[in-house]
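[1] One predicted model, sequence on top.
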Amino acid sequence: MIDDRTTLSDPVEELCLFASKETLARCAFLIPVVTIMEEAIGKKIKTEELAPLEKTVNSISEAIKAESEIWEKNVVDLKANLTGPSPICNYLKDVKEAKILCSTQTSSN
């Protein structure tokens, strides 16, 4: 078993140092192949480690998007409420100040 400090290519390179002339060609081919395998294993490990994080980021992004849509709808609703006359004006017809404010509100729209 290879520990964290050793790569697969280290023992292969050591074996190739002591290889005969016949096996040197094989070693020359084997070292790049082992290096490619190491890179693939590293990428797979990184992908496996990142998958849960990507899932979390995606779920948070979806939640933020949904919450943003709710807030945007609330803003639109509140703006619509501001453009119309206030319902309280129907109940305050006899109050002088209310008449002034309600007439200003309807005349400004």
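    Received, thanks. Numbering: from 1, shown residues only.

[2] Near residue 85, how many other residues are there?
    Neighbours of residue 85 under the rule other Cβ atoms under 10 Å: 12. C-betas here are computed from N, CA, C, even on glycine.

[3] repeat for residue 72
    Neighbours of residue 72 (other Cβ under 10 Å): 10.

[4] now swap in residue 13 and tell me
    By other Cβ under 10 Å, neighbour count at residue 13 equals 14.

[5] wait, isn't it in contact with residue 30?
    No: between residue 13 and residue 30 there is no contact under Cβ atoms under 8 Å: 9.4 Å.

[6] any idea how far the residue minimising distance to the centre of the chain lies from residue 102?
    Centroid check for the chain by Cα atoms, centre = their mean gives residue 57 as the closest residue, at 3.7 Å. Per Cβ to Cβ, to the nearest Å, residue 57 is found 50 Å from residue 102.

[7] still on that earlier bit, now for residue 13 and residue 30: what residues contact both?
    Here residue 13 and residue 30 share no contacting residue, scored by Cβ atoms under 8 Å, 6 or more residues apart in numbering.

[8] Return the distance of the helix or strand hosting residue 64 from the chain's centre.
    Using DSSP states H and E, residue 64 sits in helix 21-83. Distance of helix 21-83 from its chain centroid, counting by Cα atoms, centre = their mean, to the nearest Å, is 8 Å.

[9] mean confidence score for it?
    For helix 21-83, mean pLDDT is 81.

[10] helices or strands up against that helix?
    helix 9-17 (3 or more Cβ pairs under 8 Å, 6 or more residues apart in numbering; DSSP states H and E).

[11] And the nearest residue to residue 13 once chain neighbours are set aside, how far from residue 20?
    Nearest residue to residue 13, sequence neighbours excluded (Cβ to Cβ, 6 or more residues apart in numbering): residue 31, at 6.3 Å. Residue 31 is 16 Å from residue 20, where distance means Cβ to Cβ.
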